[in-house]
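> Attaching a predicted model along with its sequence, questions to come.
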Amino acid sequence: MSKYNGLWFFYDDDISIYFNRRHTFNVWQNGKEINCFTAEDDIDTGKPLTPKQAEEFADEWLAEQLEEEKLRHADAF
């Protein structure tokens, strides 16, 4: 049995996000954990996020991080 019972979401640049099916998302790149973030239960139902909701949350979080990174680099020029 795997020690990972959660969900993995995979992205470009060897980035993956692991959701533990509770509240925590761990961000990995090139085999190293580089960040983590949390989500509250579904605001409408009070239940943990569904796999679809978790994927959408991870997608949005990563998009925000990439946009912030892009803006930081734009300020440098």
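Now that the structure is in, tell me what you want to look at.
> all helices for the chain, in order.
Along the chain, the segments classed as helices by DSSP state H run 51-75.
> Centroid-nearest residue for it?
Using CA atoms, centre = their mean, the residue of the chain that lies closest to the mean C-alpha position is A58, 3.6 Å off.
> List the contacts of that residue.
9, 17, 19, 25 (CB atoms under 8 Å, 6 or more residues apart in numbering). The C-beta positions use only the backbone N, C-alpha and C, and glycine is treated the same way.
> at 10 Å instead, please
For A58, the contact set (CB atoms under 10 Å, 6 or more residues apart in numbering) comprises 7-9, 11, 16-19, 25, 27, 37, 39, 49.
> Quick one: residues in contact with stretch 59-69.
Counting by CB under 10 Å, 6+ apart, residues outside stretch 59-69 touching it are 9, 11-13, 15, 17, 25, 27, 35, 37, 39.
> same question for that stretch, mean pLDDT?
For stretch 59-69, the per-residue pLDDT values average out at 95.
> What are the buried residues along that stretch?
Going by neighbour count (16 or more other CB atoms under 10 Å), the buried part of stretch 59-69 is 61-62.
> Look up how far N20 lies from the residue nearest to the centre of the chain.
Here the criterion is CB to CB, to the nearest Å. By it, A58 lies 12 Å from N20.
> Please enumerate the shared neighbours of the two.
With CB under 10 Å, 6+ apart, A58 and N20 have common neighbours L7.
> Contacts made by stretch 31-44 with the rest, please.
Outside stretch 31-44, the residues that touch it by CB under 10 Å, 6+ apart are 14-20, 22-29, 46-50, 53-54, 57-58, 61-62, 65.
> Is it possible to get JSON lines of the contacts of stretch 59-69 that adds neighbour count and distance to K70?
Written out in JSON lines, the entries for the contacts of stretch 59-69 read as follows (neighbours: other CB atoms under 10 Å; distance: CB to CB, whole Å):
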{"residue": "F9", "neighbour count": "19", "distance to K70": "21"}
{"residue": "Y11", "neighbour count": "15", "distance to K70": "15"}
{"residue": "D12", "neighbour count": "7", "distance to K70": "14"}
{"residue": "D13", "neighbour count": "7", "distance to K70": "13"}
{"residue": "I15", "neighbour count": "17", "distance to K70": "15"}
{"residue": "I17", "neighbour count": "25", "distance to K70": "19"}
{"residue": "F25", "neighbour count": "22", "distance to K70": "21"}
{"residue": "V27", "neighbour count": "20", "distance to K70": "17"}
{"residue": "N35", "neighbour count": "14", "distance to K70": "17"}
{"residue": "F37", "neighbour count": "15", "distance to K70": "19"}
{"residue": "A39", "neighbour count": "17", "distance to K70": "24"}
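> I appreciate the help and will end here.
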